[in-house]
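# A predicted structure for the sequence below; I have some questions about it.
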Amino acid sequence: MDMEQNNWNENQQPRDPVIIVGEPERDKRQSNSLAVCSLVLGILSIVFCLFPYLSIIIGLVGLIQGIVCLAQRRAGRGMAIAGIVTGVLGVMISMLLGVIMVIGMMFYVG
């Protein structure tokens, strides 16, 4: 049996070699999952602003995902910007409410 490679498969017709010229076509489907996730987490950070620790974590994760989506130039630019804005608002509101809660506890205890 000859070990040389050729363009013949067993029990099949000869096949032509495949030659790719140029760049491969880019996938037209672009994912906007980071943008959607950023927007959802930003909205959740506003909703849970009465729980400062949870809201700050959720808002920061949404903020990071929105920034990554913009940096990678993915689809869903508007949603990513909205996710960044809502994430920052959620973090700021929860920090403000957290400070107000701490000040209120100091006056209540003292």
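Cool, got the structure.

# give me the element the closest residue to residue 46 other than its chain neighbours is part of.
Residue nearest to residue 46 in three dimensions, not counting chain neighbours: residue 90, with 4.3 Å by Cβ to Cβ, 6 or more residues apart in numbering. C-beta coordinates here come from the backbone N, C-alpha and C atoms, glycine included. Here residue 90 sits within helix 77-109, counting by DSSP states H and E.

# hmm, back to that, I'd say the residue nearest to residue 46 and residue 52 touch.
No: the pair residue 90 and residue 52 fails to qualify as a contact (Cβ atoms under 8 Å) at a distance of 10.3 Å.

# Looking only at neighbour counts, state which of the two leads.
Remark: of residue 90 and residue 52, residue 90 carries more neighbours, 26 against 20, as counted by other Cβ atoms under 10 Å.

# And that one, how far from residue 50?
To residue 50, residue 90 is 11 Å away according to Cβ to Cβ, to the nearest Å.

# Just the buried residues of the helix or strand residue 53 falls within, please?
Taking DSSP H and E as the criterion, the element that holds residue 53 is helix 52-71. Buried residues in helix 52-71, counted by 16 or more other Cβ atoms under 10 Å: 52, 55-67, 69-70.
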